[in-house]
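Participant: Sequence and computational prediction follow.
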Amino acid sequence: VTMSDKVAPWEVMQMKTFTAFANAYIMGKDKKYRIENGELPQAFENGVRLIVLIEALMGGASLGKYHTKENLMKPLKIENINIGLKVVNDFNQSKGIKLVYGAEAVMNGNRTEVMGLVWILISKFLLEHISEEDSSAKEALLLWCKRKTEGYDGCKVVDFGTCWQNGMAFCALLHKHRPDLLDYSSLSPANAADNLEVEDMTDMTVKPDEKSIMTYLMFVWKVFASYKQVEVAGRRIQKFIKTEKHNDALKKSYEASAKELMAWINEMLLLMTTDTTNRSGPLWLVLTEIQEYFPTTQIAYFHTADFGPNEDSVEGVYGKHGIFKNEDKPTKRNEMTDVQSSVSFIASKLLQEGRPPYELAEDMTTEFMEKLWKQMVDAEYVFEDLLQGTITQLTKQSATMNSIIAMLEQCRNWITDTNAILDKTVVEVLSVADAAHALAQHELYQEAWAQNQSKLDKLKRRQQLLADSGNCIHTSVPKGGEELAGALEASHSLESKLASRKAALTAELARQHSLDAQRLQWAKKAEDFVLWVEDIKEDLTMPIYIESGGEVDELIAALEATMQDKVPNPYARFSIVDLEEKVKVVEQLIADRSAQLQAEKDLQKSNQELRDNYLKAAEAYVEWQTDLTQRIEKGAKDASGTLQEQLEQVDKLCEELQGGEPKKEAVLVANSALLENSVSAKSLAAVSTGDVETTFNLMRRMLSERRDLINEELIKENALAVSDEQLEELQELFKTFDKDGDEHLKSFEFKAVMQNMDIEVKEEDLQ
């Protein structure tokens, strides 16, 4: 029941009760005059229902002829209403009540007048028939209730007010006459709503209305006053309770399914989110835009994500995410569609049964469920980006380490070769030039070692950067670190050997300088010797003064040996041929790398074309699906036009849905092409292949349910179709206003129709 804010709760309860009273009699006479909840003030506007109700209350007696056609004119409506009001006003006069009800107020739906009118009918046809000793009708009803509930625990009837609020008194009356219907000993005053069971009566738990309670009790008295009707009444109550319990079971089933589904969504949100105190960087700036979607109880910052220590653990996470995306998520989406359909079914069922609408807590509505699902999808995209980023990072780590290991192998080979050369080479030094040459050549080895050591240090720094780049490190990184440590140790050992060799060569150079000094001394002595020979020619008789003849021979032999030395150039480590070969190797490496880059460029161009095709198909599908879904939902809400027009609209939408099949297939084909070429479709469009199938099936289901509902309404409408007799009467009425008989209403003729119905029409409106 929908009431304005000006209607007090007791009035709402009273209106429901009086509506139930009226329907109890009207439905026995003619079901088509049933009054819906909230319709009571306008129910008697043409007088037909009022007459039907009074005749039913009178046991089928007729009030005479009255107008039953639809769309009666005002004079005919007032005539009908006055027929019924005569019974009411005559009763008031017999009781000395000066209140007289007027037809205008009833026709205009005056709530106070209509509610008072119904209460007079209740008083005349129900309350007046109740008698108990010499008491008045009201006192007799109270006395009857007291006697029937006497001796029941938790129940004490003193009036028609709060003592009925917890439902125990109603249950006591029912148990008194039909103990087989309920176990009174199991009831508790604390469970008022359960005791009342019938949802319309649960309003009594707030503030009971005396007239409403009396009306319910008059019904109970009427049912049980003649015990032969007890069995019929029990069956009716049992059927009503069964319906209510079935509705409650449907509601509980929906709520349980909804809670289970939202619990799964929240679990997925938690699995795809990571707490962190590092709230900076470009990714954080993007994620702050979707932060508002997540519940405050979940700290969902996606700046970093721990997928495990290495590529094996990441591969495991990637596999589980694939199961979630391709199996779990589509299954849960179908479950959510079923849950959403079930709540629509419950609402429709309650409306058809005239029950109050299904009021859901905000966090149990389908809208909240959709919002939570969107949060999970947003989290999935971020999680997928992070996972793909981690995989890319591991791939780059592996490629970088392969490059490092290749360069490390060159460094280790140089160390090995240099050690072999140094161990095998014997330096023969016969002069200062030989020693200086050997030392200069050694310094070239030391410079080469410094370059090799610098390269090793650079490789170590690169390896360390990879090792410190995050929580997830490729297994080749620590393994490469161990190999680098061994190479550095071998390099330091070679450094020591080079230092020792340099010291030895430096000492040898000093020794050769000492020998040169001796040779100079020998040359001087040789000059002395030549002078001595010249002198000896002049003076053969002169005695020869020399320290040693052997010394002269030694000096001569040493001089001749020195002049005959042929020492090759020891300074150059590489020949021209060696340098040319190295240049050729570098040129070949450049050519190979250029070919690799061109091949990668062609591959990326092909992949981008696949992504563009997928994006184009996905965007076309999303645009088409969003527009069609909105029009389906709008058609269901507005429901404008005749039922046949609505059915034709649904058929057109079905044709559009079928025509959209190629759009759906285009997305699936484009996605298959991406998968076949191992191209990721993440974040290309806000729709996955699972979502395409789900949304397409959801639209198909919505249209099917809408068609079924319209067909049901068409069946009901056909049952109430205008008869030939009614059509003839309408034609006669039309001719009354068609003064010139041209079968069209002129503006002045239409104005006469409106004035006859007390409707003011302006000239500009007629134009």
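Facilitator: Sure, I can see it.
Participant: next SSE after the lowest-mean-pLDDT helix or strand in the chain?
Facilitator: The least trusted helix or strand in the chain, going by mean pLDDT, DSSP states H and E, turns out to be helix 282-287, with a mean of 33. Scanning forward in sequence from helix 282-287 by DSSP states H and E, the next helix or strand is helix 311-323.
Participant: Tell me which other helices or strands that following helix touches.
Facilitator: Contacts defined by 3 or more C-beta pairs under 8 Å, 6 or more residues apart in numbering; DSSP states H and E place helix 311-323 against helix 366-424. Just so you know, the C-beta spots here come from the backbone N, C-alpha and C atoms, and that holds for glycine as well.
Participant: Residue 104 contacts residue 78, doesn't it?
Facilitator: Yes. Counting by C-beta atoms under 8 Å, residue 78 is a contact partner of residue 104 at 7.3 Å.
Participant: Settle it for me: which of these two has more neighbours?
Facilitator: residue 78 (18 against 12; other C-beta atoms under 10 Å).
Participant: what's near enough to touch the more buried one?
Facilitator: Contacts for residue 78 (C-beta atoms under 8 Å, 6 or more residues apart in numbering) come out as 47, 103, 104, 107.
Participant: What strand or helix carries it?
Facilitator: With DSSP H and E as the criterion, the answer for residue 78 is helix 74-94.
Participant: buried residues in the helix or strand just after that helix?
Facilitator: Downstream of helix 74-94, the first helix or strand assigned by DSSP H and E is helix 103-107. Using 16 or more other C-beta atoms under 10 Å as the test for burial, helix 103-107 gives 103, 105, 106, 107.
Participant: same thing with stretch 394-414?
Facilitator: Buried residues in stretch 394-414, counted by 16+ other C-beta under 10 Å: 394, 397, 398, 400, 401, 404, 405, 408, 411, 412, 414.
Participant: What sits closest to the second one if chain neighbours are left out?
Facilitator: Think residue 397. Leaving aside its sequence neighbours, residue 397 sits nearest to residue 474 (C-beta to C-beta, 6 or more residues apart in numbering; 4.1 Å).
Participant: part of a strand, is the one you found?
Facilitator: No. Secondary structure assignment (DSSP: H, G, I helix; E, B strand; the rest coil) places residue 474 in coil, not in a strand.
Participant: thinking again about what came up before, list just the nearest of the buried residues of helix 103-107 to residue 164.
Facilitator: Relative to residue 164, the closest of those is residue 106; by C-beta to C-beta it sits at 30.5 Å.
Participant: mind giving me TSV with the buried residues of stretch 394-414 and columns for distance to residue 496 and pLDDT?
Facilitator: Shown next, in TSV, are the buried residues of stretch 394-414 (distance: C-beta to C-beta, whole Å; pLDDT from 0 to 100):
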residue	distance to residue 496	pLDDT
394	39	84
397	34	84
398	35	87
400	31	88
401	29	87
404	25	92
405	26	92
408	21	90
411	17	93
412	17	91
414	17	93
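Participant: Would you mind measuring from residue 678 to residue 603?
Facilitator: From residue 678 across to residue 603, the span is 11 Å (C-beta to C-beta, to the nearest Å).
Participant: typed the wrong thing, it's residue 744
Facilitator: With C-beta to C-beta as the criterion, residue 744 and residue 603 are 76 Å apart.
Participant: Comparing these two, which residue is more hemmed in?
Facilitator: Taking other C-beta under 10 Å, residue 744 and residue 603 do not tie; residue 603 has more neighbours (12 against 9).
Participant: Just list the residues touching that one, thanks.
Facilitator: Residue 603 is in contact with no residue at all, counting by C-beta under 8 Å, 6+ apart.
Participant: Work out for me the element the closest residue to residue 360 other than its chain neighbours sits within.
Facilitator: Spatial nearest neighbour of residue 360, excluding adjacent residues (C-beta to C-beta, 6+ apart): residue 343 at 7.5 Å. Taking DSSP H and E as the criterion, residue 343 maps to helix 329-352.
Participant: Need the residues that contact that helix.
Facilitator: Outside helix 329-352, the residues touching it (C-beta under 8 Å, 6+ apart) are 247, 250-251, 253-254, 257-258, 261, 264-265, 356-358, 360, 366, 369, 373, 380, 688, 690-691, 693-694, 697-698, 701, 705, 709.
Participant: how about 6 Å then?
Facilitator: Contact with helix 329-352 is made by 250, 254, 257, 258, 261, 358, 366, 690, 694, 698, as judged by C-beta atoms under 6 Å, 6 or more residues apart in numbering.
Participant: Give the buried residues for it.
Facilitator: Going by neighbour count (16+ other C-beta under 10 Å), the buried part of helix 329-352 is 329-330, 332-333, 336-337, 339-343, 346, 350.
Participant: cool, and stretch 309-329?
Facilitator: Under the neighbour-count criterion of 16+ other C-beta under 10 Å, stretch 309-329 has 310, 311, 314, 317, 318, 321, 324, 325, 329 buried.
Participant: Pick the one among these closest to residue 62.
Facilitator: Residue 62 has its nearest neighbour among the buried residues of stretch 309-329 in residue 329, at 67.2 Å by C-beta to C-beta.
Participant: separation between residue 380 and residue 461?
Facilitator: Here the criterion is C-beta to C-beta. By it, residue 380 lies 38 Å from residue 461.
Participant: Oh, that last question was meant for residue 452, not what I typed.
Facilitator: 15 Å.
Participant: So which of the two has more stuff around it?
Facilitator: residue 452 (19 against 10).
Participant: got the residue ranges for the strands in the protein?
Facilitator: Under the criterion DSSP state E, strands are not mapped anywhere in the chain.
Participant: Please enumerate the helices of the stretch 151-300 of the chain.
Facilitator: Along the stretch 151-300 of the chain, counting by DSSP state H, counting those that start in this stretch, helices occupy 168-177, 192-196, 210-225, 230-271, 282-287.
Participant: which one of those has the lowest average pLDDT?
Facilitator: The minimum mean pLDDT among those belongs to helix 282-287 (a mean of 33).
Participant: How much space separates residue 517 from residue 524?
Facilitator: Counting by C-beta to C-beta, the gap from residue 517 to residue 524 is 11 Å.
Participant: Common neighbours of these two, please.
Facilitator: Between them, residue 517 and residue 524 share no contacting residue, judged by C-beta under 6 Å, 6+ apart.
Participant: Quick check: phi and psi at residue 357.
Facilitator: Backbone torsions of residue 357, given as degrees, to the nearest 10, read phi -60, psi 160.
Participant: pLDDT score for it?
Facilitator: For residue 357, the model assigns a pLDDT of 88.
Participant: same deal with residue 579?
Facilitator: For residue 579, pLDDT reads 54.
Participant: same thing with residue 64?
Facilitator: For residue 64, the pLDDT comes out at 85.
Participant: give me the low-pLDDT residue ranges for the stretch 451-600 of the chain?
Facilitator: 525-526, 528-530, 532-580, 582-583, 585-587, 589, 593 (pLDDT under 70).
Participant: what about the helices in it?
Facilitator: With helices called from DSSP H, counting those that start in this stretch, the stretch 451-600 of the chain shows them at 476-538, 549-563, 576-638.
Participant: Out of those helices, which is closest to residue 130?
Facilitator: When those are compared by C-beta to C-beta, helix 576-638 sits nearest residue 130, at 48.2 Å.
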